[in-house]
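[1] Please find the sequence and the predicted model below.
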Amino acid sequence: MLLFKSLLVLCSATAVMAQRAADADAVVSAAAFVGADTTDFDAQPVDIFKDVRNHATVASTVLVFSAAGANFQPSLQPVKNAASAYVEFLQKATSFPGFGEPVAVFQPLPLNNSVFQFEASIRDIIKNDPDRFLIARGLRDLLPGYIPDSSLETWVLSYILIGKPEGADNVYIKFARVILTLKTNKEHTTIIPEQNAKLEISQVSVNALWVAQHADALVPKLDPIVSVRESINFFASSKVIPSKHMDEALCGRSSSRFRVQGALNGW
């Protein structure tokens with residue numbers, strides 16, 4: 001009975017967070033990788049899925065496939081009106097059968113106008129997470145310094161972390177997000193008002209055995225293979241990586257092929 005009640009509380013919290021995220025005015029996104037990417041980029045696509053050493057690339061491929069299918073393409077879209085697509089992406093990515101059940105943490109995030117306090121509070125809330133410094137700084141870096149449209153008040157800051165510890169073959173993905181209110185002054189400089197924002201971190205792990213067993217079926221469905229670097233570029237809102245820092249050839253190639261994959265629905 002206690003377990004059942006706990007599941008109900010978790011489901012309720014997830015639903016509330018998802019609805020609030022879907023109602024947001026803007027989404028700012030970034031992604032990163034931590035650990036050692038041991039992918040053999042000369043391997044055949046089916047071997048990317050069969051060999052556990054390549055599974056960081058499996059994770060990035062599934063993430064981009066899920067996002068494109070939800071029409072959530074941060075590097076190609078403005079931050080405004082992206083919230084519903086973002087929520088659909090999360091639901092699709094975390095339901096991939098080759099990932100384990102998501103483990104989620106939901107916490108209030110008290111804010112007091114300070115960017116430094118924003119980062120420190122996140123670190124403190126997830127103090128037992130080995131990636132706490134990366135996640136806290138990554139979310140802090142997503143805070144816009146300038147908001148030209150004052151109607152954008154409710155924001156989602158989305159930070160995706162793909163991890164593959166050195167010397168290990170397990171791969172995990174952490175979806176960290178903060179839902180908060182941001183204001184602007186007359187110069188459109190961002191102000192963080194005092195509030196209780198919301199912090200959520202969900203984690204899934206790649207089920208290496210399942211992925212390897214279903215490699216032959218997954219390759220044609222998830223084509224093209226997407227490297228970790230490509231996925232990081234894909235999930236970077238224009239605010240995060242200025243266009244002058246982008247590889248134009250890579251972006252041009254990626255945008256067309258990912259749009260094609262966006263036509264695929266369901267798993």
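    The structure has been received and is ready for your questions. Numbering: from 1, shown residues only.

[2] Is S151 in a helix, a strand, or coil?
    The three-state label given to S151 by DSSP: H, G, I helix; E, B strand; the rest coil is coil.

[3] List the residues that contact it.
    By Cβ atoms under 8 Å, 6 or more residues apart in numbering, the contact set of S151 is D25. In this view, the C-beta of every residue, glycine as well, is placed from N, C-alpha and C.

[4] Check what pLDDT it gets.
    The model reports S151 with a pLDDT of 91.

[5] where's it relative to F118, distance?
    To F118, S151 is 22 Å away according to Cβ to Cβ, to the nearest Å.

[6] A43 too?
    The gap separating A43 from F118 is 41 Å, by Cβ to Cβ.

[7] Looking only at neighbour counts, state which of the two leads.
    F118 (22 against 16; other Cβ atoms under 10 Å).

[8] now that one, what's its secondary structure?
    Three-state call for F118 (three-state DSSP): helix.

[9] do T39 as well
    At T39 the chain is in coil, as set by three-state DSSP.

[10] for it, what are its contacts?
    Contacts of T39 (Cβ under 8 Å, 6+ apart): 48, 53-54, 56-57, 227-228.

[11] Out of the residues you listed, which comes closest to Y172?
    Of all the contacts of T39, the one with the least separation from Y172 (Cβ to Cβ) is A56, at 10.0 Å.

[12] which of the residues in whichever strand or helix holds that closest one are buried?
    Element membership of A56 [criterion: DSSP states H and E] is helix 55-69. The neighbour-count check on helix 55-69 (16 or more other Cβ atoms under 10 Å) flags 55-69 as buried.

[13] now do stretch 182-189
    Those would be 182, 184, for stretch 182-189 by 16+ other Cβ under 10 Å.

[14] Also stretch 23-30?
    Within stretch 23-30, the residues scored as buried using 16+ other Cβ under 10 Å are 24-30.

[15] Okay, and which of those map to strands?
    With strands defined by DSSP state E, the entries of the buried residues of stretch 23-30 inside them are 26-30.

[16] Looking at those, point me to the pair that's furthest apart.
    So, those by Cβ to Cβ: farthest apart are A26 and A30, at 14.0 Å.

[17] any common contacting residues for the two?
    Both A26 and A30 lack any common contact, where contact means Cβ under 8 Å, 6+ apart.

[18] Tell me where this structure has strands.
    So, for the chain - with DSSP E - the strands run 26-35, 103-111, 154-164, 172-181, 183-184, 190-191, 195-205.

[19] can you pull up the bridge partners for the residue most central in space within the chain?
    Taking Cα atoms, centre = their mean, the centroid of the chain lies closest to I160, which sits 3.2 Å from it. On the basis of DSSP bridges, I160 is bridged to A31, F175.

[20] Quick check: it touching A31?
    Yes. In terms of Cβ atoms under 8 Å, I160 counts as a neighbour of A31; the distance is 4.1 Å.

[21] No more questions from me, cheers.
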